[in-house]
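> Here is my input, please return the structure:
(chains A, B and C, ligands or ions: 3)
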Amino acid sequence: MTVNTRVLINDFTYHVPSTLAEALGFLDQYGEDAAVLAGGTDLIIQMKLGRRSPKFLVDVSKLEELKHLEAGEKILIGAGRRYMDVLPFLQGLGRYHGLAEAIDSIGKLQVLSVATVGGNLGNGSPAADTPPPLMTYDASVRVRSAHQERVVPLREFHTGPGAIVLAPNEIIVAVEFDAFPDGRASAFRKLTRVASDISKVTCAVAVERAGETCTHCRIALGAVGPTPLRARSAEAALEGREVDASAVEECARLIVEEISPIDDIRCSEKYRREAAGVLFRDAFASAWERAKC
Amino acid sequence: MGREAREMEARELRTVGAVTRRKDGLAKVTGTETYASDMELPYMLHARVLRSPYPHARVVSIDTSAAERMGAICITPDDVPDIRYNERQVSVPVKTYRDRTVLPWVVRQVGEGVAAVAARTEALAERAMRAIKVEWEELPAVFDAHKAMADDAPQIYENVLLGDAEFPIEHNVACFRQVSVGDVAVGFEEADLIVEREYQTGRVYHAQMEPKAALCRPLADGGIELWATLQSIHNTRQLLGRIFDLPLSRIRVHRSTIGGAFGSSIQMNTPVAICVALALKARKPVKLVLTREEDMYDHCKYPAEISLKYGVKRDGTIVAGELKTLVDIGAHNIQAYPLLGCMSGWFVSLYRMPHMNFEGTAVYTNKTPACAMQGYGNPDVSFAVESHMDIIAEKLDIDPIELRIKNYVGLGEEFWGQGPTVRSIIRSCGVEEMLRKGAPMIGWDERGRPEDKTGRYRRGIGVGRTFHTSGTGAAMPGEVIDYSTAMVTVNEDGSVDMSTALMCHGGGTLDACAKLVAEEMGVSFDLVGVSPASTTDTGYDVCTHATRGVYCGGGSAVKAAKSAKAVLLDFASRLIEVNPEALQIAPDPVTGEGVIFLEGAADKRITVGEVAKTAQLKGWGTAIAVESHRMVNCPPCFVTNFVEVEVDTWTGEVRVPRAVCAVDAGTVVNPDLAAGQLEGGLCRGIGQALLEDTAYDPVTGEMTCGGMYIDYKLYTAEDMAPVDDVKVFFADTYEPSGPFGAKGIGEAANNAVAAAVMNALQNALGIRFQFIPITPDMILAAIHGWACEGVLPA
Amino acid sequence: MLTSCTNAIILTVNGDEHMLVVEPNELLINVLRNELGLTGSKYGCGTGQCGACTVLIDGEPALACVTLAVACDGKEIVTIEGIARPDGGLHPIQEEFLGENAVQCGFCTPGMILMAGDLLKRNPHPTEPEIRHHIKGNICRCTGYNGIVRAIQHAAARMAEPAAADGPDLVKEAR
Ligand SMILES: Cc1cc2nc3c(=O)[nH]c(=O)nc-3n(C[C@H](O)[C@H](O)[C@H](O)COP(=O)(O)OP(=O)(O)OC[C@H]3O[C@@H](n4cnc5c(N)ncnc54)[C@H](O)[C@@H]3O)c2cc1C
Ligand code: FES
Ligand code: FES
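Ligands and ions are numbered 1, 2, ... in the order given. You can find the predicted model right below:
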């Protein structure tokens, strides 16, 4: 019982830099002792729960460099952009339903108004909602330190529960992916205990079709393994194939084999396996239908 | 009262039954209502409690020196009176089990407090608390009630006090109760069909929105003043007097607005005594507010394992019933003995049985202590019995509604309102009306059979009916105390003050009492004020629990109003020279002011304000009255719930898209607030059926949710059925013993919901679930035949 | 370089500017409640789950229990205490919460009213599912939500009446 959710008791110094360079300078200087603060909807709670006790907080909410929202050949979403801005941006583009549905599923307005995609990635949770749809978009994460910029494919970004490839002195600048070619569509499905909750299981699908043949397929799932993951064998089984009920069933079966869920307080391993197949079928049906038009 | 007289009275009711704005509403919608956790006093200190990380351990030593060096005031078990107490004081002392002290040397659950600090800020107090060093000796712990009764189980208590006598604890059994009527063996012999099943309900957390708080100010004379999250200011005062050896005249407990209760503050909660001990030592006001996680480790609902057996005749007549229950009470016995008595009473009063046997066992484990939560064993008994009724109906091929109507305990029959010692005769009953009227509203006859339902999404309809008691009054004194006191004063401008120690938990109890006073006094509701209350300016009231607020509390308010009115009319008779017996009072249609008049005599009129003012100027005195009043009945407020469920058979998710909730509350004093009670009860009942429970890690003894809402989920607005699909109606009844015909509602609202949901699930899937909550995991397990805890093999 | 390491902040709360000295680890909810006496923002869970601590920060709903006070430097905050009209009259949403029995214990009420205001500002004619979606971050243990949903429906209808001078924007209405 060494938790107190009424107050924060560990001391830290708070910095709110106005440029990325300044922020990166702080991180370089403080290393492991620093934490990046965006919306704080994960970090502050973890600090209350005693899971993290940074000595320095570097608030990135004022950094214009993290606030790009660009739709050209690439779609680029600044890591510091609040969901509340990203959602209408995506809805305006009208095609990236999977990611929009994932953000919308967070639902809670008080969170959407401050929380960021950067925080969702930076937190590294296998149950986070945006990584699966972003994985189906073959997205990459643009990362900066004081010394270099690198682009990490999202599929290599997560390394374990709560673990990501980021070095302590690095900041996520943006997440980006290629604009959809015509005919590509996506969808996202999530199961929770109540309407406002972290996922029990999620599944995102992106497809392209030529008539009844699937010409491109990406499937990713959340909360069914140590990291968000792609269901590659299932993707391979569908790509280039005529889509009928048996193909979808076969694919669902492959997914159930490919994932490695665990029992936890939200649900059982067995449930996750069963539900992953169901969510896939629902997400696929929705994306497939959307790809028609 | 005959039907005609009743109709006449109903026609004449002006305020009772009218829709009004709640008196505390303005403060609540503007954020200015002051709850105990909002209270502040100059120079007050903030407290924190050092809590056990172990489920069972002895404190070897406590070193507070580091905390004291930080400027904190510290208390340890050495600093508190060595008095064993029970936090709940509703039962008579000889039936009260006392097993705890303010800070113990032996902790029996994770989260039990052993030391506390007070410091200038909460953060400072938290740091000082963490600086305290405790040496623990871990003791073996047990988390399962069956294991706790085994010969080799760790012993959680050697003895406790029952009243003032030592009471040995064996096999961790806190108490046992058997109640029987007739001879069940004979009864089962006579039966054509015997149905036996096991049921289980969850360890639900009250989740009242305001975590508990206390603020104590020490007074110069050694006394104390207290604001805290409480349902009974008087019982709290008496208990504090006993623990801290203070005369009651030096303890002033204020009624504070409470952010929800659901039974969690019937007892004087643990933070209260700790806060008082700190304030007495610090000689400064001390405030202690629990975190959500501390609150969740402080109390939960009594869960129950129930084994139920009914014997019936071929025509559906019940001839015998037997209910055996095992209740895992956790680390302290707060009110298990009366709980078991009540459970026997709920069982007896649901359906007529010539032969009945009840056996209840309450067992200690090293978990969060359980206490009353809305319904006090009734949701559990009703869940089992109402599930059983459907099983029997199916076996006999009788419509479940007809089976219920054939057997329910109703008009003229005996009702056990609070166990075997609190009985009364039922004199108002809307059971049949609610079942007959509700059935077509939900589409009962079209509900179909599970074997005909196919497809991914399947719907089903179910019914559950039960009741709750209205208070615990009875003709003779029993094991529980029940009476209220109210004071009514007619002010010099014609307005009226009502003063009572009753509480409002949000359901509108005080508004209801003010309405009853307005009705009786003949003034408008607006002119009746609810006075702030404390122990020094109110008479005893047992507690606002057991759905007694309107019926019992209202009863005393009406009695006081009657007496004050008699004084007032006596004054008036002197002024307008009319015999007081002939005078009436009615509110002026425009001003709302009470007008005293003689029917038919235009010149014999005077306002209440004129009379009161004149009486004051002439020195006659104030029209004021105080009445302590015990109701000699405890009529059941019956309730019926119909629900429809929709199951996603692929994911196991269940929604309740439609419901019909009906209550027989006699005269409905606050119709809109009463409807609100039913809607709230429905939501909590669905939570108990499908969502809420607390589990414990068998190694650490911690709750798997850690006491956080992150993993203790509560339904949101989006999970609930659309407004127009939840229908509420009231039975048309009149309770002759109640104030203006009223009975209670509160707890009844959620008592039958879980049963209705489970019966609806059976109708949707053809699967009978006997353990709640039923999660999507369990639904899938049942559909696919997987092994799963809590799902019985088909 | 340490330009931002100061603890003096300026908060505009319900239209009043406050200069405050705070520790970096102080949470907005505690500053509002303990320093400014605005106890209408409630602690219900401290972990972002219940919505009882909801306030508007620069016009957007946020959870004061997971917000650092220092991070609000220069921002405009509206709490439940800032919702009533300047003349002390109630906002139509408050009126309807009273009229529709949306209030029982009242502990969730401040957060619910702020979310209702936020919804009607964005969407003056919400459907019932939209209302439920918008308040799903706020837990009410007492009412079962129906009274709250009805109150918001009625407030929307009332605020849409042409005669109503009530702007839907809660923020502008702060003193
Ligand atoms: C009530 C509630 C409901 C929630 N519901 C959901 C949900 O449904 N689905 C879901 O996925 N999540 C949910 N969350 C979790 C959380 O809101 C999201 O993960 C959110 O995206 C985190 O963003 P943030 O800006 O608040 O991150 P912060 O808490 O500020 O940061 C999170 C982590 O990321 C790091 N970080 C942040 N930005 C950067 C950056 N630019 N570069 C490097 N590291 C960075 C931080 O150091 C920290 O470790 C919920 C949280 C709450 C409180
Ligand atoms: S107290 Fe902030 S969300 Fe519960
Ligand atoms: S009114 Fe009590 S929590 Fe909503």
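
> Where does pLDDT dip in chain C?
C:1-6, C:162-175 (pLDDT under 70).

> Could you list the domains of it?
Using automatic domain parsing, the domains assigned to chain C come out as C:7-82, C:84-161.

> The shortest one spans what distance, first to last residue?
Using CA to CA, to the nearest Å, one end of domain C:7-82 lies 25 Å from the other.

> hmm, that domain touching chain A?
Yes - judged by CB under 8 Å from any CB of the partner chain, domain C:7-82 comes into contact with chain A at C:23-27, C:30, C:43, C:45-49, C:51, C:54, C:57, C:60-63, C:65-68, C:70-71, C:73. Any C-beta I mention is one placed from the backbone N, CA and C, and that applies to glycine too.

> Are any of those residues buried, and if so which?
For the residues of domain C:7-82 next to chain A, a neighbour count by 16 or more other CB atoms under 10 Å in any protein chain shown gives the buried set as C:23-27, C:30, C:43, C:45-49, C:51, C:54, C:57, C:60-63, C:65-68, C:70-71, C:73.

> Just these: which are in helices?
Applying DSSP state H to these, the entries found in helices are C:Asn30.

> circling back to that earlier point, for chain B, find the nearest of the domains of chain C.
domain C:7-82 (2.2 Å; CB to the nearest CB).

> Briefly note if that closest one comes near ligand 3.
No - shown here: domain C:7-82 not in contact with ligand 3 (CB under 6 Å from any ligand atom), separated by at least 8.1 Å.

> State the mean pLDDT of stretch B:127-139.
For stretch B:127-139, mean pLDDT is 98.

> That one and chain C, any residue contact?
No - using CB under 8 Å from any CB, stretch B:127-139 stays clear of chain C, coming no nearer than 11.4 Å.

> Off-centre distance for that stretch?
Stretch B:127-139 sits 35 Å away from the centroid of its parent chain (CA atoms, centre = their mean, to the nearest Å).

> Give the buried residues for it.
Applying 16+ other CB under 10 Å to stretch B:127-139 flags B:127-132, B:134, B:136, B:139 as buried.

> What is the most widely separated pair among those?
Farthest pair in those (CB to CB) is B:Arg127 and B:Leu139. Separation: 29.0 Å.

> same for ligand 1: which of the buried ones among the residues of domain C:7-82 next to chain A are within range?
Okay, of those touching ligand 1 (CB under 6 Å from any ligand atom), that's C:48-49.

> ok, B:Pro450 to B:Glu198 distance?
22 Å (CB to CB, to the nearest Å).

> List the residues that contact B:Thr96.
B:Thr96 makes contacts with B:86, B:88-89, B:162-163, as judged by CB atoms under 8 Å, 6 or more residues apart in numbering or on different chains.

> Tell me which of the domains of chain C sits nearest to A:Asn123.
For the domains of chain C, proximity to A:Asn123 was assessed by CB to CB; domain C:7-82 is nearest, at 13.2 Å.

> before we move on, the earlier item: among the buried ones among the residues of domain C:7-82 next to chain A, which are in strands?
Of the positions in those, C:54, C:57, C:60-63 sit in strands, assigned by DSSP state E.

> quick revisit: out of the buried residues of stretch B:127-139, which are inside strands?
Short answer: the buried residues of stretch B:127-139 in strands (DSSP E) are B:134, B:136.

> Could I get the buried residues of stretch B:127-139 in a markdown table, plus columns for distance to B:Gly522?
Output for the buried residues of stretch B:127-139, formatted as a markdown table (distance: CB to CB, whole Å):
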| residue | distance to B:Gly522 |
| --- | --- |
| B:Arg127 | 60 |
| B:Ala128 | 58 |
| B:Met129 | 57 |
| B:Arg130 | 61 |
| B:Ala131 | 63 |
| B:Ile132 | 61 |
| B:Val134 | 63 |
| B:Trp136 | 65 |
| B:Leu139 | 65 |
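
> Phi and psi next, for the residue most central in space within chain C.
Taking CA atoms, centre = their mean, the centroid of chain C lies closest to C:Leu114, which sits 3.3 Å from it. Phi and psi for C:Leu114, reported as degrees, to the nearest 10, are phi -60, psi -40.

> ok, what's across the strand from the closest residue to it other than its chain neighbours?
Distances taken as CB to CB, 6 or more residues apart in numbering or on different chains put C:Thr54 closest to C:Leu114, at 5.0 Å, once the chain neighbours are dropped. Beta-bridge pairing for C:Thr54 (DSSP bridges): C:Leu63.

> Surely B:Val668 is in contact with B:Lys743?
No - with contact defined as CB atoms under 8 Å, B:Val668 does not count as touching B:Lys743 (9.5 Å).

> And these two? Which one has more around it.
Just comparing B:Val668 and B:Lys743: by other CB atoms under 10 Å in any protein chain shown the higher neighbour count belongs to B:Lys743, 35 against 24.

> what pLDDT does that one get?
Looking at B:Lys743, its pLDDT stands at 91.

> what residues are up against it?
Neighbouring residues of B:Lys743 by CB under 8 Å, 6+ apart: B:428, B:470, B:550-551, B:635-637, B:664-666, B:735.

> swap in A:Asn169?
A:24, A:27-28, A:31, A:145-146.

> Quick check: which element contains it?
For A:Asn169, there is no host helix or strand (DSSP states H and E).

> what's the distance between it and chain B?
A:Asn169 sits 30 Å away from chain B, taking CB to the nearest CB, to the nearest Å as the criterion.

> roughly how far apart are that residue and ligand 3?
From A:Asn169 over to ligand 3 the distance is 45 Å, taken as CB to the nearest ligand atom, to the nearest Å.

> Would you mind giving both backbone torsions of that residue?
phi -100, psi 10.

> What does the pLDDT read for it?
In this prediction, A:Asn169 carries a pLDDT score of 97.

> quick one: contacts for whichever residue of the stretch 301-450 of chain B sits closest to ligand 1?
Closest to ligand 1 within the stretch 301-450 of chain B is B:Thr368: 24.4 Å, counting by CB to the nearest ligand atom. For B:Thr368, the contact set (CB under 8 Å, 6+ apart) comprises B:109, B:111, B:203, B:296-300, B:330-331, B:694, B:703.

> Please identify which of the contacts of B:Lys743 is nearest to B:Ala564.
Looking across these and measuring by CB to CB, the closest to B:Ala564 is B:Val550, at 19.6 Å.

> my guess is that closest one meets B:Asp511, correct?
No - contact criterion CB under 8 Å: B:Val550 and B:Asp511 do not qualify, at 9.8 Å.

> number of nearby residues for residue 231?
In the absence of a named chain, chain A is used. Residues near A:Ala231, counting by other CB under 10 Å: 27.

> actually chain B
B:Gln231: 25 neighbours (other CB under 10 Å).

> want to try TSV for the contacts of B:Thr368, with secondary structure as columns?
Output for the contacts of B:Thr368, formatted as TSV (DSSP: H, G, I helix; E, B strand; the rest coil):
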residue	secondary structure
B:Gln109	coil
B:Gly111	coil
B:Arg203	coil
B:Met296	helix
B:Tyr297	coil
B:Asp298	coil
B:His299	coil
B:Cys300	strand
B:Gly330	strand
B:Ala331	coil
B:Thr694	coil
B:Met703	strand
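
> when you check chain A, which of the residues you listed turn up near it?
Among those, proximity to chain A is found for B:111, B:297 (CB under 8 Å from any CB).

> possible to save the contacts of B:Thr368 as a markdown table with neighbour count, pLDDT and distance to ligand 1?
Shown next, in a markdown table, are the contacts of B:Thr368 (neighbours: other CB atoms under 10 Å in any protein chain shown; pLDDT from 0 to 100; distance: CB to the nearest ligand atom, whole Å):
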| residue | neighbour count | pLDDT | distance to ligand 1 |
| --- | --- | --- | --- |
| B:Gln109 | 27 | 98 | 28 |
| B:Gly111 | 25 | 97 | 24 |
| B:Arg203 | 20 | 98 | 24 |
| B:Met296 | 25 | 98 | 17 |
| B:Tyr297 | 28 | 98 | 22 |
| B:Asp298 | 24 | 97 | 24 |
| B:His299 | 27 | 97 | 25 |
| B:Cys300 | 26 | 98 | 23 |
| B:Gly330 | 29 | 98 | 29 |
| B:Ala331 | 26 | 98 | 31 |
| B:Thr694 | 21 | 98 | 20 |
| B:Met703 | 26 | 97 | 20 |
